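A.B. asks: Just need the structure, nothing else, for what follows:
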Amino acid sequence: MAVSRSGQGQPRSRPGRPRSEQSRLAVLRATSELMHEVGLRVMTTEEIANRSGTSKATIYKWWPNKYAVAVEALLSEMLTESDDPDTGSAREDFRIALRGLIHFYGSRSGRVFAQLVGEAQFDPLIAAELRERLVGSRRQLVRAILDRGVARGELRRDLDSEAAIDLVFGPAMYRLVAGHAPLDDAAADAIVDLAIRGLAC
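C.D. replies: Below you'll find the model as predicted:
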């Protein structure tokens, strides 16, 4: 699993026996495969356990439910596609990070992520897991890019960081959910170019 410079890819610790890294990766790999093969709703913890060679009891010691496993599996894939580039340019960092996120959204895993967003509308526990683990990590990444851009004098000091994050990365989520426009590199570049006009000094 790729880990960002900020350490945001580290799994959240839970009480009890420390997790075996080999077993953890086997569970995440099995979860990713099952999400693609049978879908998020149909996938069961028992199937994850059987495929990964890990007991259900052990999985429940590490994660509260199958959706929490799904969130961590998706986060590991998302970090592989969209880690912090830190190129020395806010525009370039935004462009690379957004391209990576759009590649993820356009993949089979992106469709699973959209399903998870849908499930979160009806289950507050899934919503919290999604917000804290997946959405929170992505916003932390973009906030780091913003802070560096402000420190270098590329971006305005008076900008609203939360609104700026929505401005840069919100359109990709909108396109994922609504499906009204392409999710490709050209879209990422156009979104960043437009956003930078409002964020730059």
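A.B. asks: helix, strand or coil for I96?
C.D. replies: Recorded secondary structure, I96: helix (DSSP: H, G, I helix; E, B strand; the rest coil).
A.B. asks: which residues sit in contact with the closest residue in space to it that isn't next to it in sequence?
C.D. replies: In space, not counting the residues next to it along the chain, I96 is nearest to P85; the distance is 4.2 Å by CB to CB, 6 or more residues apart in numbering. Heads up, the C-betas are built off the backbone N, CA and C, glycines and all. Shown here is P85, whose contacts under the criterion CB atoms under 8 Å, 6 or more residues apart in numbering are 92-93, 96-97.
A.B. asks: Among those residues, name the buried ones.
C.D. replies: Neighbour counting with 16 or more other CB atoms under 10 Å marks 93, 96-97 as buried within the contacts of P85.
A.B. asks: Let me have those residues in a markdown table, adding distance to L134 as columns.
C.D. replies: Rendered in a markdown table, the data for these read as follows (distance: CB to CB, whole Å):
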| residue | distance to L134 |
| --- | --- |
| D93 | 20 |
| I96 | 19 |
| A97 | 15 |
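A.B. asks: And these, which is closest to H180?
C.D. replies: Comparing the buried ones among the contacts of P85 against H180 with CB to CB places A97 closest, at 22.5 Å.
A.B. asks: What's the separation between that closest one and G153?
C.D. replies: Noted for A97: a distance of 20 Å to G153, by CB to CB, to the nearest Å.
A.B. asks: Could you export stretch 92-111 as PDB, keeping only the C-alpha atoms?
C.D. replies: These are the backbone C-alpha positions of stretch 92-111, laid out as PDB (Å, rounded to 0.1, in the frame of the first residue of the first chain):
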ATOM      1  CA  GLU A  92       1.400  21.200 -10.900                       C
ATOM      2  CA  ASP A  93       0.600  19.500  -7.600                       C
ATOM      3  CA  PHE A  94      -3.100  20.100  -8.100                       C
ATOM      4  CA  ARG A  95      -2.900  18.800 -11.700                       C
ATOM      5  CA  ILE A  96      -1.100  15.600 -10.800                       C
ATOM      6  CA  ALA A  97      -3.200  14.900  -7.700                       C
ATOM      7  CA  LEU A  98      -6.500  15.500  -9.500                       C
ATOM      8  CA  ARG A  99      -5.400  13.400 -12.500                       C
ATOM      9  CA  GLY A 100      -4.600  10.600 -10.100                       C
ATOM     10  CA  LEU A 101      -8.000  10.900  -8.400                       C
ATOM     11  CA  ILE A 102      -9.800  11.000 -11.700                       C
ATOM     12  CA  HIS A 103      -7.900   7.800 -12.800                       C
ATOM     13  CA  PHE A 104      -9.200   6.200  -9.600                       C
ATOM     14  CA  TYR A 105     -12.800   7.500 -10.200                       C
ATOM     15  CA  GLY A 106     -12.700   6.200 -13.800                       C
ATOM     16  CA  SER A 107     -11.700   2.700 -12.700                       C
ATOM     17  CA  ARG A 108     -13.800  -0.200 -11.500                       C
ATOM     18  CA  SER A 109     -12.800   0.800  -8.000                       C
ATOM     19  CA  GLY A 110     -14.300   4.300  -8.600                       C
ATOM     20  CA  ARG A 111     -17.600   2.700  -9.400                       C
END
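A.B. asks: Many thanks, we can stop here.
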